[in-house]
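Asker: quick check, what structure comes out for this input:
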Amino acid sequence: MMKFTLSFKKVFISFVLLSLSALSNIASAENYTLWINGRTGGGVVGNYNSFTYWGPATTAAGVNKKSVNWDGYNSIASQNSKIRDALDCFCTGSNWCYVATHSAGDLMLGYTLANYGGSARMKKNAVANSTGQCGNSDGTSQVGWNIKWVRTASGAAGGSELSDAGSWTTSEPLVKDLKTSTARAMYNHNETRNVWFYMYAGAKGTLYSGILPGQDDEAVSYHSTGGVAGSSGSSLCNPSDWFCNDLTMGTAANEGGSVKWAYHSVVFRDDAEAYNHYANGNWQGIISVVRAAMVSYAL
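Answerer: Okay, the predicted model is just below:
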């Protein structure tokens with residue numbers, strides 16, 4: 001009888017310890033909000049607390065916000081490891097991420113998911129060193145990353161005619177990637193690993209952005225900011241413009257028949273033409289709309 005009692009106690013203690021361990025793992029799970037910059041960069045690469053590209057770091061921008069900095073100058077392929085490092089750090093194991101992108105950051109993340117989202121990733125401990133890399137958590141791996149969804153401010157995954165026309169410095173490797181035909185052929189834009197991209201399209205263009213077809217925010221047109229598929233950019237506008245096909249909300253086909261990439265949905269169309277492309281060092285332009293959404297939904 002005493003042996004049975006001792007055995008029972010051992011089993012009970014083991015059960016309690018396992019339960020406490022499980023609870024500890026659950027308690028350590030965190031959600032993070034990652035912000036991926038576009039062209040020109042500005043934040044310190046490898047420093048996830050450097051928000052120079054966006055605005056004051058003290059501004060609310062989603063739970064446990066991190067700035068995923070890359071130089072915004074070199075090619076998507078050459079800078080892509082910076083994004084993979086951040087996703088490995090904060091979006092593996094028991095941790096999950098919300099992601100916000102701006103402009104070429106959309107092209108960068110789309111490229112990452114399509115080309116590496118099906119690869120084995122070591123689970124990390126969310127403690128980054130000076131180069132932006134994190135240590136392994138438990139020595140195990142997983143396929144891809146834990147991403148809840150993406151919200152994209154003025155997404156440039158479809159490229160920009162400013163790059164086509166040489167309006168930007170053509171010596172920049174990134175500008176070459178941002179040509180509409182190049183950006184659209186760079187990877188399979190329909191392969192998002194089932195992660196939804198919610199698109200925010202600004203429309204406060206200016207006269208000098210006349211080379212951009214349809215509605216634009218001074219840098220990127222609706223065909224890209226609306227996640228519209230195809231090998232080249234099309235002319236899409238707000239419903240108030242009678243001389244241009246409408247960019248539709250949600251995942252519906254646009255007026256005229258053009259369709260959006262899989263897992264891309266327009267959730268904000270700038271019908272009032274109130275938002276341009278630029279953060280201006282203070283979370284402004286179309287970025288301000290995405291930031292407000294991250295505060296509300298990235299919890």
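Asker: what separates stretch 134-146 from the chain centre, distance-wise?
Answerer: Relative to the centre of its chain, stretch 134-146 is centred 20 Å away, using Cα atoms, centre = their mean, to the nearest Å.
Asker: can you give the contact residues for that stretch?
Answerer: 85, 87-93, 95-97, 113, 116-128, 193 (Cβ atoms under 8 Å, 6 or more residues apart in numbering). Heads up, the C-betas are built off the backbone N, CA and C, glycines and all.
Asker: so which of those sit within helices?
Answerer: 85, 87, 88, 89, 90, 113, 116 (DSSP state H).
Asker: verify the stated contact: the fifth one with residue 32.
Answerer: This points to residue 90. Yes: applying Cβ atoms under 8 Å, one finds residue 90 in contact with residue 32, separated by 4.2 Å.
Asker: pLDDT weak spots in the stretch 151-299 of the chain?
Answerer: 208-209 (pLDDT under 70).
Asker: so the spatially most central residue of the chain bridges to which residues?
Answerer: Centroid check for the chain by Cα atoms, centre = their mean gives residue 101 as the closest residue, at 3.8 Å. Beta bridges link residue 101 to residue 36, residue 152, judged by DSSP bridges.
Asker: just the strands in the stretch 151-299 of the chain please.
Answerer: 197-201, 236-237, 245-246, 264-269 (DSSP state E, counting those that start in this stretch).
Asker: so the last one versus strand 197-201, what angle?
Answerer: In other words, strand 264-269. For strand 264-269 against strand 197-201, the angle by axes from the mean of the first three to the mean of the last three Cα atoms, to 10 degrees is 30 degrees.
Asker: strand 264-269 packs against which elements?
Answerer: Applying 3 or more Cβ pairs under 8 Å, 6 or more residues apart in numbering; DSSP states H and E, we find strand 264-269 packed against strand 197-201.
Asker: pLDDT (mean, whole number) over stretch 131-149?
Answerer: Per-residue pLDDT over stretch 131-149 has a mean of 98.
Asker: residue contacts, residue 54?
Answerer: 35, 37, 43, 61, 67, 279, 283, 287.
Asker: report the contact partners of the closest residue to the third one other than its chain neighbours.
Answerer: Okay, so that is residue 43. In this structure, residue 43 finds its nearest non-sequential neighbour in residue 69, 3.6 Å apart by Cβ to Cβ, 6 or more residues apart in numbering. Contact partners of residue 69, counting by Cβ under 8 Å, 6+ apart, are 37, 41-48, 50, 53, 82, 132.
Asker: equivalent analysis for residue 186, please.
Answerer: Contact analysis of residue 186 by Cβ under 8 Å, 6+ apart lists 76, 107, 111, 177.
Asker: neighbours of the last one, just the number please.
Answerer: Using other Cβ atoms under 10 Å, the number of residues around residue 177 comes to 24.
Asker: coming back round to it: compare the contacts of residue 186 and tell me which has the most neighbours.
Answerer: For the contacts of residue 186, the largest neighbour count, defined by other Cβ under 10 Å, is 30 neighbours, found at residue 107.
Asker: got phi/psi on it?
Answerer: Backbone torsions of residue 107, given as degrees, to the nearest 10, read phi -60, psi -40.
Asker: OK, contacts around the nearest residue to it once chain neighbours are set aside?
Answerer: Nearest non-adjacent residue to residue 107, counting by Cβ to Cβ, 6+ apart: residue 157, 4.6 Å away. Residues counted as contacts of residue 157 (Cβ under 8 Å, 6+ apart) are 106, 107, 110, 183, 189, 224, 227.
Asker: okay, these in JSON lines with distance to residue 256 next?
Answerer: Formatted as JSON lines, these follow (distance: Cβ to Cβ, whole Å):
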{"residue": "106", "distance to residue 256": "23"}
{"residue": "107", "distance to residue 256": "24"}
{"residue": "110", "distance to residue 256": "24"}
{"residue": "183", "distance to residue 256": "21"}
{"residue": "189", "distance to residue 256": "19"}
{"residue": "224", "distance to residue 256": "16"}
{"residue": "227", "distance to residue 256": "16"}
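Asker: nearest to residue 204, of the residues you listed?
Answerer: residue 224 (15.8 Å; Cβ to Cβ).
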